[in-house]
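S.K.: below are the sequence and a predicted model; questions follow.
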Amino acid sequence: LLGLVRPPLYAPQVAAALPAAIHEASLGRFDALAGLAGQLGGGSRAMRIFEGMHFSVICAEDAPRIAASTEAPSPDFGTLDRDLYARVCASWPRGAVEPAFYALPPARHPVLIASGGSDPATPERHGQRVQAALGAQARHVVVPTAGHGVVLALPCMRDVLFRFIDAPRDADALAVDANCALKLPRPPAFLPPTPATLAAAASAVRESDR
């Protein structure tokens with residue numbers, strides 16, 4: 001069940017329906033929860049080529065470090081993810097990664113880092129750590145209400161990125177206005193329609209037509 005809850009957290013507009021879906025699951029009806037999870041992790045085989053890319057990257061870059069990690073498993077998922085990657089990566093084709101890949105030297109040119117305050121995969125603290133390593137040439141923009149894929153998912157942040165790239169000087173790029181990121185609301189929780197709410201909506205429509 002935890003595996004079904006996690007994918008919707010990547011997108012706040014999908015996560016808005018999680019409370020209702022979890023309530024349905026508590027009553028033994030799992031269709032809504034499975035449907036939400038499928039919005040981000042499902043689809044046809046043609047649309048899921050990203051899974052092959054995902055394993056190629058993880059097995060090359062992260063799996064060796066996961067195996068050597070002494071960090072205690074999370075109380076929720078335990079070793080489920082670790083065990084999955086160990087099984088897949090045992091035979092998955094992957095490239096070699098040089099040790100220098102894991103070093104993060106100070107940036108010589110402006111770097112824009114974008115984080116979603118509600119991102120379950122790459123949370124804000126990761127962006128802060130990268131910014132600290134890159135130094136004064138790094139700018140970290142946090143969208144408090146956003147999830148994963150901030151720049152691609154939000155027109156506001158796409159505009160920030162375009163202006164960052166188009167800036168004539170390094171100082172202009174680092175000073176680009178990103179205040180729009182602070183004004184984006186989080187979608188409210190979705191409440192499924194009930195006979196009472198449908199009747200109220202129909203009544204409101206009739207009143208507006210008079």
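M.R.: Here it is on my side, so go on.
S.K.: low-confidence ranges in this structure?
M.R.: Residues of the chain meeting the criterion pLDDT under 70: 40-48, 210.
S.K.: of all residues in it, which one is nearest the centre?
M.R.: His148 (2.0 Å; C-alpha atoms, centre = their mean).
S.K.: contact partners for that residue?
M.R.: Tyr10, Ala11, Gly116, Asp119, Pro120, Ala121, Thr122 (C-beta atoms under 8 Å, 6 or more residues apart in numbering). The C-beta positions use only the backbone N, C-alpha and C, and glycine is treated the same way.
S.K.: what helix or strand is the last one on?
M.R.: Secondary structure assigned from DSSP states H and E places Thr122 in neither a helix nor a strand.
S.K.: hang on, it packs against Ser115?
M.R.: Yes - Thr122 sits in contact with Ser115 when judged by C-beta atoms under 8 Å, with a separation of 7.0 Å.
S.K.: more crowded one of those two?
M.R.: Per other C-beta atoms under 10 Å, whichever of Thr122 and Ser115 has more neighbours is Ser115, with 24 against 15.
S.K.: can you tell me which of the contacts of His148 is nearest Ser26?
M.R.: Proximity of the contacts of His148 to Ser26 (C-beta to C-beta) peaks at Pro120, which lies at 21.3 Å.
S.K.: in contact with the residue nearest to the closest one when sequence neighbours are not counted, which residues are there?
M.R.: With sequence-adjacent residues excluded and distances taken as C-beta to C-beta, 6 or more residues apart in numbering, Pro120 is closest to Leu9, at 4.4 Å. Contact analysis of Leu9 by C-beta under 8 Å, 6+ apart lists Ala15, Leu18, Ser118, Pro120, Gly147.
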